[in-house]
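Chemist: sequence first, predicted model second:
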Amino acid sequence: MDKQKSIVLIYPKTGMDFGSTVAPPHSLLAIAAPLHKEGYRIRIIDQRIDKEWNKHLIEELKLGPICVGISTMTGIHIHFALEVAKAVRLAAGSNVPIVWGGPHPSILPQQTLQSDYVDIVCVGEGDLSFYKLVKALEGNAELSQVNGIAFKDNNKIIVNPPEALIDIEGLLPVPWELVDVEPYIHPDMYLKKSSRTLDIGQTSRGCPFNCGFCCSASLRMRKWRAMSVERSLRAIVEPVRRFKLNGIWIRDDEFYIDRDRATRICEGIIRENLNINWYTSGTRVDVFNKATDEQTALLKKSGAYVLKYGAESGSNRILKLINKGITVEETIKANLKAKKHGIIPAFSLMIGFPTQTFEEINKTIDLMFRLKKDNPMTQFEAIAIYTPLPGTPMYELALKNGLRPPGTLEGWIDWNFIDYDLKGERIPWFDFSDRKRIGNISYMSILAYGFRNAIDSLENLFLRFTLKILYTPFSLFYRFRLRRKMYNFSSDLMLIRYIRSKIFYKGYSAKR
């Protein structure tokens with residue numbers, strides 16, 4: 001094998017890597033597909049599952065790869081990405097370009113490139129730009145001719161024009177052969193009856209909505225692009241049969257926005273006799289409410305076991321503030337409709353927005369218990385804490401309310417959606433006492449409802465059974481406290497936060 005045809009792609013740890021939270025590194029598989037087809041040697045190293053990642057990285061660097069690509073999001077992901085980049089520098093010096101991609105470097109390419117451990121950034125979708133970048137690096141061509149990247153040129157940062165959004169109908173199939181798929185097949189926290197569930201990737205990209213907290217609008221310009229029904233079915237059927245799956249996650253931002261298309265995909269799943277359960281992140285309550293009973297029944301018949309909805313808030317004023325485009329009443333209606341058809345709804349909720357009052361926060365807590373009362377099968381992950389991200393529609397509002405964003409790449413490491421903001425970095429519009437109360441609410445919601453879902457994704461049956469027994473009294477205790485708004489003081493949660501950091505942020509918390 002020509003060593004110059006070698007490429008290394010790395011997915012760093014996220015800090016919450018257990019069970020079904022460990023999904024295939026689809027961002028890397030997508031950019032690898034065209035290069036793999038042309039015969040390049042692609043090595044994907046997933047730091048979440050590879051305990052000897054450093055050893056394997058050094059082995060690959062000895063081949064003299066064209067570049068090393070690292071995918072990262074805002075938050076602790078950056079810490080582990082830097083850990084990887086430093087290992088590359090230590091082993092290969094500046095001989096191997098380090099290319100960063102993903103949501104965070106795409107939104108802040110110039111600041112990202114100020115780091116000594118970043119040489120090039122792929123901005124936005126990397127499917128085409130990374131391919132062209134590899135060709136340019138291989139042929140020593142001018143990087144200024146590659147759209148969709150930013151790079152350093154004699155200590156000057158150059159940001160090239162963006163690459164056009166791709167036609168996803170022309171995407172190559174997921175190159176599953178580049179990874180060992182088995183570590184990504186789990187019992188799932190949502191598909192309780194499916195022991196072999198896999199995140200199969202997307203059948204569409206983007207979202208036409210403009211929710212204030214979401215960076216999708218910035219990254220993909222509010223354009224929703226879908227594969228054809230036939231292509232979508234191939235993306236579903238092939239991995240189900242190849243890996244003998246009985247559950248899948250369709251990770252579209254908006255799977256159900258085109259109900260006719262979704263209905264035809266469901267018909268195809270039934271026709272292919274796949275006999276699977278599935279769930280998707282992309283369901284809006286207003287869109288779901290418009291579906292006919294026949295369409296919803298077909299969803300259920302095809303195996304739609306859980307649908308995830310963004311309810312976000314129990315206050316209509318806050319929903320309007322964040323430009324969600326729904327009302328609390330529509331969320332309640334969707335919950336009852338899902339119950340009628342035997343589909344389990346999983347709702348996301350969020351607190352801590354600029355100008356939000358605790359009366360409005362309490363309405364969100366009340367909505368959670370209202371939804372659970374109306375439909376006992378309703379699920380929740382956590383009440384997340386709003387975390388302003390650059391490139392999102394509400395970012396300017398956050399700045400006007402006192403946000404002082406980090407000035408370096410490293411500064412974004414503690415940008416965490418579910419944790420206390422004790423320093424006032426992420427939600428400075430609340431004082432210290434109120435930030436602690438908001439952190440308490442988020443942690444209580446995890447312990448009241450979310451942790452049980454995590455337990456269900458563990459493969460060890462004995463451990464799963466034991467933890468459920470031990471967890472039940474804690475769950476009831478924190479539900480009781482949340483329902484009665486007993487969140488002002490909770491020293492026990494600080495201990496739980498410490499334990500969580502030691503278990504899930506291992507390798508990072510020791511350095512804090």
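Modeler: Looks like it arrived, so ask away.
Chemist: got the residue ranges for the strands in the stretch 251-400 of the chain?
Modeler: Assigned by DSSP state E, counting those that start in this stretch, the strands in the stretch 251-400 of the chain fall at 277-283, 304-312, 344-351, 379-385.
Chemist: can you add mean neighbour count, mean pLDDT and distance to Gln111 and give the ones you listed back as JSON lines?
Modeler: Bear in mind the C-beta positions are built from the backbone N, C-alpha and C, glycine included. Below are those laid out as JSON lines (neighbours: other Cβ atoms under 10 Å; pLDDT from 0 to 100; distance: least, Cβ to Cβ, whole Å):
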{"stretch": "strand 277-283", "mean neighbour count": "24", "mean pLDDT": "89", "distance to Gln111": "29"}
{"stretch": "strand 304-312", "mean neighbour count": "24", "mean pLDDT": "94", "distance to Gln111": "28"}
{"stretch": "strand 344-351", "mean neighbour count": "22", "mean pLDDT": "96", "distance to Gln111": "26"}
{"stretch": "strand 379-385", "mean neighbour count": "22", "mean pLDDT": "90", "distance to Gln111": "23"}
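Chemist: any idea how far the nearest residue to Asp434 once chain neighbours are set aside lies from Ile499?
Modeler: Spatial nearest neighbour of Asp434, excluding adjacent residues (Cβ to Cβ, 6 or more residues apart in numbering): Phe358 at 7.4 Å. Separation of Phe358 from Ile499 (Cβ to Cβ, to the nearest Å) stands at 27 Å.
Chemist: looking at the two, which is more packed in?
Modeler: Neighbour comparison, Phe358 and Ile499: the larger count goes to Phe358, with 15 against 10 (by other Cβ atoms under 10 Å).
Chemist: touching, the more buried one and Arg435? I think so.
Modeler: No. Here Phe358 does not reach Arg435: they are 11.9 Å apart, not a contact under Cβ atoms under 8 Å.
Chemist: against Leu165, how distant is the closest residue to Leu447 other than its chain neighbours?
Modeler: Among residues not flanking Leu447 along the chain, Tyr478 sits closest, at 4.3 Å (Cβ to Cβ, 6+ apart). Look at Tyr478 and Leu165: by Cβ to Cβ, they are 43 Å apart.
Chemist: quick one: contacts for the residue nearest to Leu447?
Modeler: 444-445, 447-448 (Cβ atoms under 8 Å, 6 or more residues apart in numbering).
Chemist: so where is the protein shaky, pLDDT-wise?
Modeler: By pLDDT under 70, the weakly predicted segments of the chain are 1-4, 217-218, 418, 457-459, 500-512.
Chemist: in it, where's the longest helix?
Modeler: helix 461-483 (DSSP state H).
Chemist: next, the most centrally placed residue in the chain: secondary structure please.
Modeler: Most central in the chain under Cα atoms, centre = their mean is Met73, positioned 8.5 Å from the mean C-alpha point. Under DSSP: H, G, I helix; E, B strand; the rest coil, Met73 falls in the coil class.
Chemist: and the gap between the closest residue to Arg426 other than its chain neighbours and Met394?
Modeler: Nearest non-adjacent residue to Arg426, counting by Cβ to Cβ, 6+ apart: Thr387, 5.2 Å away. Going from Thr387 to Met394 by Cβ to Cβ gives 11 Å.
Chemist: now Gly139
Modeler: Gly139 sits 43 Å away from Met394, taking Cβ to Cβ as the criterion.
Chemist: how about the contacts of Tyr478, which pair is most distant?
Modeler: Put simply, by Cβ to Cβ the two of those set farthest apart are Ser445 and Leu447, 7.5 Å from each other.
Chemist: compare the two (neighbour count), which wins?
Modeler: Using other Cβ under 10 Å as the criterion, Ser445 and Leu447 rank with Ser445 on top: 26 against 21.
Chemist: dihedrals phi and psi, the more buried one?
Modeler: Per-residue torsions, Ser445: phi -70, psi -40 (degrees, to the nearest 10).
Chemist: give the closest residue to it in space, chain neighbours not counted.
Modeler: Per Cβ to Cβ, 6+ apart, closest to Ser445 is Ile383, 4.0 Å.
Chemist: partner residues bridging the one you found?
Modeler: With DSSP bridges applied, Ile383 shows beta-bridge pairing to Leu349.
Chemist: higher neighbour count, Gly139 and Met394?
Modeler: The neighbour comparison of Gly139 against Met394 (other Cβ under 10 Å) goes to Met394, with 21 against 8.
Chemist: tell me who's in contact with the more buried one.
Modeler: 212-213, 322-323, 353-354, 388.
Chemist: next: Asn362.
Modeler: Applying Cβ under 8 Å, 6+ apart, the residues contacting Asn362 are Lys485.
Chemist: also compute the angle for the helix or strand containing Lys436 relative to strand 344-351, please.
Modeler: Secondary structure assigned from DSSP states H and E places Lys436 in helix 432-445. Helix 432-445 and strand 344-351 are oriented at 170 degrees to each other (axes from the mean of the first three to the mean of the last three Cα atoms, to 10 degrees).
Chemist: show me how the protein divides into domains.
Modeler: The record assigns the chain these domain ranges, following automatic domain parsing: 3-159, 185-511.
Chemist: want to try CSV for those, with distance to Leu178 as columns?
Modeler: Listed next are the domains of the chain as CSV, based on distance: least, Cβ to Cβ, whole Å:
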stretch, distance to Leu178
domain 3-159, 5
domain 185-511, 13
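Chemist: quick one, which of those domains is nearest to Glu177?
Modeler: Closest approach to Glu177 among those is made by domain 3-159 (8.2 Å; Cβ to Cβ).
Chemist: relative to the whole chain's centre, how far out is that closest one?
Modeler: 18 Å (Cα atoms, centre = their mean, to the nearest Å).
Chemist: what packs against the host helix or strand of Arg452?
Modeler: Using DSSP H and E, Arg452 maps to helix 451-456. The contact analysis (3 or more Cβ pairs under 8 Å, 6 or more residues apart in numbering; DSSP states H and E) places helix 451-456 against helix 461-483.
Chemist: between the helix it packs on and strand 379-385, how many degrees?
Modeler: 60 degrees.
Chemist: many thanks, I have nothing further to ask.
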